[in-house]
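*Asks:* Sequence plus the predicted model coming up.
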Number of protein chains: 2
Amino acid sequence: MKIDGKPHRTIWLEDNGWSVGIIDQTKLPHAFVAISLRNVGEAAHAIRSMQVRGAPLIGATAAHAVALAMREDSSDDALQKAIAFLAEQRPTAINLRWALEEMRAALTPLAPDQRVAAAYSRAAAICEDDVESCRRIGVNGLKLIADIAQRKGGKPVQILTHCNAGWLACVDWGTATSPIYHAFDAGIPVHVWVDETRPRNQGAALTAFELGHHGVPHTIVADNAGGHLMQRGDVDLVIVGTDRVSANGDVANKIGTYLKALAACDNNVPFYVALPYSTIDWSVASGAHIPIEERAADEVLRMSGRLAGGAVVEVEIAAPGSPAANPAFDITPARLVTGLITERGVTGASSEGLNSLYPERKLTSVA
Amino acid sequence: MKIDGKPHRTIWLEDNGWSVGIIDQTKLPHAFVAISLRNVGEAAHAIRSMQVRGAPLIGATAAHAVALAMREDSSDDALQKAIAFLAEQRPTAINLRWALEEMRAALTPLAPDQRVAAAYSRAAAICEDDVESCRRIGVNGLKLIADIAQRKGGKPVQILTHCNAGWLACVDWGTATSPIYHAFDAGIPVHVWVDETRPRNQGAALTAFELGHHGVPHTIVADNAGGHLMQRGDVDLVIVGTDRVSANGDVANKIGTYLKALAACDNNVPFYVALPYSTIDWSVASGAHIPIEERAADEVLRMSGRLAGGAVVEVEIAAPGSPAANPAFDITPARLVTGLITERGVTGASSEGLNSLYPERKLTSVA
């Protein structure tokens, strides 16, 4: 999508042909800063510290991290070690492990001296595949928005989203935002309620940033507000992303997603989850088995922001001495999900729904 | 309750016998600052700017504000004007109007030269009444906590609360916190999950502050986390306060309360609302008729906090240029409320439940 009118991706090979450029998302929305990842350690740090975040982008970064590791040592041992090291950086998003298994399958059969080139090629293919998957998610989700628009006779379709499942979470387009961008680009009037998404504020910091740069009308609200907006009839549709969907259609996503799904259900608002196939974990029967990351208390107790003069500072916002807990994801049961929007179409959040779209089940290769 | 080991109230008559002391709650938790209200304008500002907040404390402050107004002009006209002016400072909490009607009823029949003394006396009675109501709410709610404690065999009773319905929201004890303080003081092990309560962070700033000063174990969580905590069985009981209960038992409370009630219902967690009789609006049939205050967007887009050196600053936290909406309350339908904890006992959130506790219905005098 566009930044200051110019198309941009979230990850790219730099001009030297080997280092990997990313947007340091911990600096957004206060500064738009690109940084270089030059080795597997820097890439792992970028994933862990959330310089890159969002399930698809975590996968794309991990794939490039394997390529960076291969540059230094392309032995079998180094390959397995790099994959094991990268896999433990974040626990919930399955795309991390998916991308690493893609890399393992592509590189293990090769002679070590062929692995560097093959790794870069595979990482690039994973990125292109993600862009195409997200584009198709947009085309498929666009129909849902267009149907509502037709009913509303020119009034904007009101869409609520949680966290950032935008192009900043992917390589381009986004998952939850792709139908929105497609609708906006097609001239359908839309307005997005952006949950600020405490504690890391990915909604207010990232989703608002990218919607604003693309020109999509939106309004930030506290995470607490979504239920009230639905009660008063101001939400036509919820679309969120996901970090992992289990084989029965349960959805792991940013903490608080479950609360919005409950409110949507209570108010008959359709609740959709947008995802590429790489986010489906066929090996996990239900959401109860998905690990939930616990992050640092400081993310709850502190916040960074801009002073009037523009300087970015971190402040303590809570009562001194009070502890905090910070579970980063929750599970939305499939029963609360109206449908899954994937690159292959829209389907029910159930094993039947998933099986109907993916009859081959356990996908192991990049399309 | 106690601050640094010394008993404290939220509002008091100062030593000069006429000005009114309050804690400036907009400065908490970063600084504990008492300020003087010397006229009706300063009192109205304190209510509007949320230097005082919480339904019972808003009422107690408004009562004192009428006394301050009478000092300057105790004519019929001045009395009616002061009441009308004060009533419009905040729309949702019914205690504001309740206290003003108490003052109107007490002062209107009197000769103007008797009104100043009567107003101070009435305002003091409203405060004492609130303290006693809150104490009884604690005694009545204590039984619910004690019952759960018995089942848990020594493990702490896990209580989630939203916003601040603590002693800082009342004159002393609090509504939602009173059963917690009573349980803690009785030696029952309790642990409180404190919703931070964006956008104004009354949970992290006020509830954590007062629980910490009283020594009650607690943990701050983002508002998004409560559903997940309930899903994993870490919440035994939810207790919140309220700004207005309609005659059918619907509950207006801080934005986000409805989401926690939905999660409690979905996870079979009891959801209680604690309130004094002054928070019941017998004139309103259901929550649909309760006005919901819309507050400034800046409360969502900015946040104040302490720098490492201790200075308190305000920072912008969202994408520059993005707008925000800030509805301050929502309605929790009576069907999601397990029970109402009042000074008279625990009852169902329904017209039958309320009528059984208050057979005389429309209360017009301070007990």
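*Replies:* Cool, got the structure.
*Asks:* Name the nearest residue to the residue nearest the centre of chain A, ignoring sequence neighbours.
*Replies:* Centroid check for chain A by Cα atoms, centre = their mean gives residue A:54 as the closest residue, at 3.0 Å. Leaving aside its chain neighbours, residue A:54 sits nearest to residue A:169 (2.3 Å; criterion: Cβ to Cβ, 6 or more residues apart in numbering or on different chains). For the C-beta atoms, the positions are set from N, CA and C on the backbone; glycine is no exception.
*Asks:* what's the one you found in contact with, if anything?
*Replies:* With contact set as Cβ atoms under 8 Å, 6 or more residues apart in numbering or on different chains, residue A:169 has these partners: A:10, A:53-57, A:175, A:206, A:241.
*Asks:* Let me see the confidence value for it.
*Replies:* Residue A:169 is assigned a pLDDT of 97 by the prediction.
*Asks:* Residue A:223 - how many residues pack around it?
*Replies:* Neighbours of residue A:223 under the rule other Cβ atoms under 10 Å in any protein chain shown: 31.
*Asks:* meant to ask about residue A:20
*Replies:* Residue A:20 sits with 26 neighbouring residues when counted by other Cβ under 10 Å.
*Asks:* what do you get for residue A:307?
*Replies:* Residue A:307 is flanked by 14 other residues according to other Cβ under 10 Å.
*Asks:* Next, find the distance separating it from chain B.
*Replies:* 6 Å (Cβ to the nearest Cβ, to the nearest Å).
*Asks:* what does residue A:283 give?
*Replies:* From residue A:283 across to chain B, the span is 22 Å (Cβ to the nearest Cβ).
*Asks:* just for chain A, where's the confidence low?
*Replies:* For chain A, the stretches flagged by pLDDT under 70 are A:362-367.
*Asks:* for chain B, what are the nearby residues on the stretch 251-367 of chain A?
*Replies:* Contacts of the stretch 251-367 of chain A with chain B, taken as Cβ under 8 Å from any Cβ of the partner chain, map to A:254-256, A:258-260, A:262-263, A:266, A:292, A:300-308, A:313, A:315-327, A:329-331.
*Asks:* List only those of those flagged as buried.
*Replies:* A:254-256, A:258-260, A:262-263, A:266, A:292, A:300-306, A:313, A:315-319, A:322, A:324-327, A:329-331 (16 or more other Cβ atoms under 10 Å in any protein chain shown).
*Asks:* how many other residues sit next to the residue of the stretch 1-150 of chain A at minimum distance from chain B?
*Replies:* At 3.9 Å from chain B, residue A:29 is the closest residue in the stretch 1-150 of chain A, using Cβ to the nearest Cβ. By other Cβ under 10 Å, the residues close to residue A:29 number 25.
*Asks:* go on, residue A:180?
*Replies:* Residue A:180 has 31 neighbours, counted by other Cβ under 10 Å.
*Asks:* sorry, back to before: you'd agree the residue nearest to the centre of chain A is up against residue A:167?
*Replies:* No - between residue A:54 and residue A:167 there is no contact under Cβ atoms under 8 Å: 9.1 Å.
*Asks:* Quick one: name whatever helix or strand follows the helix ranked longest in chain A.
*Replies:* Scanning chain A for the helix with the most residues, using DSSP state H, yields helix A:112-152. Moving toward the C-terminus from helix A:112-152, the next helix or strand (DSSP states H and E) is strand A:157-161.
*Asks:* Enumerate the residues of the stretch 51-200 of chain A near chain B.
*Replies:* Taking Cβ under 8 Å from any Cβ as the contact definition, the stretch 51-200 of chain A meets chain B at A:193-194, A:196-199.
*Asks:* Swap in 7 Å and give it another go.
*Replies:* With Cβ under 7 Å from any Cβ of the partner chain as the criterion, the stretch 51-200 of chain A meets chain B at residues A:196, A:198-199.
*Asks:* In TSV: those residues, plus secondary structure and neighbour count.
*Replies:* Converted to TSV, those look like this (DSSP: H, G, I helix; E, B strand; the rest coil; neighbours: other Cβ atoms under 10 Å in any protein chain shown):
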residue	secondary structure	neighbour count
A:196	coil	30
A:198	coil	27
A:199	coil	29
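*Asks:* Spatially nearest residue to residue A:39, not counting backbone neighbours?
*Replies:* residue A:68 (5.4 Å).
*Asks:* ok now the helix or strand harbouring that neighbour, how far from the chain's centre?
*Replies:* Using DSSP H and E, the element containing residue A:68 is helix A:55-72. From the chain centre to the centre of helix A:55-72 is a distance of 16 Å (Cα atoms, centre = their mean, to the nearest Å).
*Asks:* Where does the stretch 101-250 of chain A get nearest to chain B, which residue?
*Replies:* When scored by Cβ to the nearest Cβ, the stretch 101-250 of chain A has residue A:224 as its residue closest to chain B, at 2.7 Å.
*Asks:* For that residue, the count of nearby residues, please.
*Replies:* Using other Cβ under 10 Å, residue A:224 is surrounded by 32 other residues.
*Asks:* One more: residue A:140?
*Replies:* Neighbour count of residue A:140, defined by other Cβ under 10 Å: 20.
*Asks:* Just confirm it contacts residue A:340, I think it does.
*Replies:* No - counting by Cβ atoms under 7 Å, residue A:140 stays clear of residue A:340, with 10.0 Å between them.
*Asks:* where do the contact lists of those two overlap?
*Replies:* Counting by Cβ atoms under 7 Å, 6 or more residues apart in numbering or on different chains, the shared contacts of residue A:140 and residue A:340 are residue A:346.
*Asks:* Okay, domains of chain A per the record?
*Replies:* Residue ranges for the domains of chain A, per automatic domain parsing: A:2-128, A:138-357.
*Asks:* Out of these, which one sits most buried?
*Replies:* The highest average neighbour count among the domains of chain A, using mean count of other Cβ atoms under 10 Å in any protein chain shown, belongs to domain A:138-357 at a mean of 22.
*Asks:* Run the chain-centre distance for that domain.
*Replies:* Relative to its chain's centre, domain A:138-357 lies at 9 Å (Cα atoms, centre = their mean).
*Asks:* show me what contacts the residue of the stretch 101-250 of chain A closest to chain B?
*Replies:* Neighbouring residues of residue A:224 by Cβ under 7 Å, 6+ apart: B:198, B:223, B:255-256, B:259.
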